[in-house]
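>>> here is my input, please return the structure:
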Amino acid sequence: MKHAHILAAAAAIAVGMSFAMTANAEILAMMNYESKSPDSLKALKTPIVPQPRKEGIAIIDVDPDSANFGNILIDIPLPADLIAHHLFYNRDMSKIYLTALGQPALHVIDLSQNP
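From the prediction side, this is the model:
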């Protein structure tokens, strides 16, 4: 169910980004990701090597006609103690606005600094 929400959110963002980028003919999706603890992955019944927690934002090419289809084009790492909750971008997609669980601040990521 959680994957369905992620895919739905990525698809909705991809549609919005494709309209804004029609001059480039790109269809991109933006999504936040986080690594899971070994305890939360036990249901997979595969050996899990403990790793440090990772959180970030990935820009993915979702254009089926693109040579980069399915690839992460940009990976913007976030601090491990930040639990990204909602992502929004401005009209020209030059900034990402991010809220985090348990933090009152609105984080702004300048995409011109993260090409």
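>>> give me the element residue 65 is part of.
For residue 65, there is no host helix or strand (DSSP states H and E).
>>> now it. Its backbone dihedrals?
According to degrees, to the nearest 10, the main-chain angles of residue 65 amount to phi -90, psi 0.
>>> pLDDT at it, what is it?
Note on residue 65: pLDDT of 91.
>>> then residue 71?
For residue 71, the pLDDT comes out at 94.
>>> quick check: the closest residue to it other than its chain neighbours vs residue 89, distance?
Nearest residue to residue 71 in three dimensions, chain neighbours excluded: residue 61, at 5.4 Å (C-beta to C-beta, 6 or more residues apart in numbering). For every residue, glycine as well, the C-beta is placed using N, CA and C. Here residue 61 is placed at a distance of 17 Å from residue 89 (C-beta to C-beta, to the nearest Å).
>>> go on, residue 106?
Taking C-beta to C-beta, one finds residue 106 at 13 Å from residue 89.
>>> would you map the helices across this structure?
In the chain, the segments counted as helices under DSSP state H are 2-20.
>>> so where's it uncertain?
For the chain, the stretches with pLDDT under 70 are 1-25, 37-38, 40-41, 43-50, 114-115.
>>> how does it look with 90?
For the chain, the stretches flagged by pLDDT under 90 are 1-59, 73-96, 98-107, 109-115.
>>> now do the strands in it.
28-34, 55-61, 72-78, 84-89, 95-100, 103-110 (DSSP state E).
>>> which residues touch the nearest residue to residue 82 once chain neighbours are set aside?
Closest residue in space to residue 82, ignoring its immediate chain neighbours: residue 100 at 5.0 Å, by C-beta to C-beta, 6+ apart. By C-beta atoms under 8 Å, 6 or more residues apart in numbering, the contact set of residue 100 is 82, 83, 84, 85, 107.
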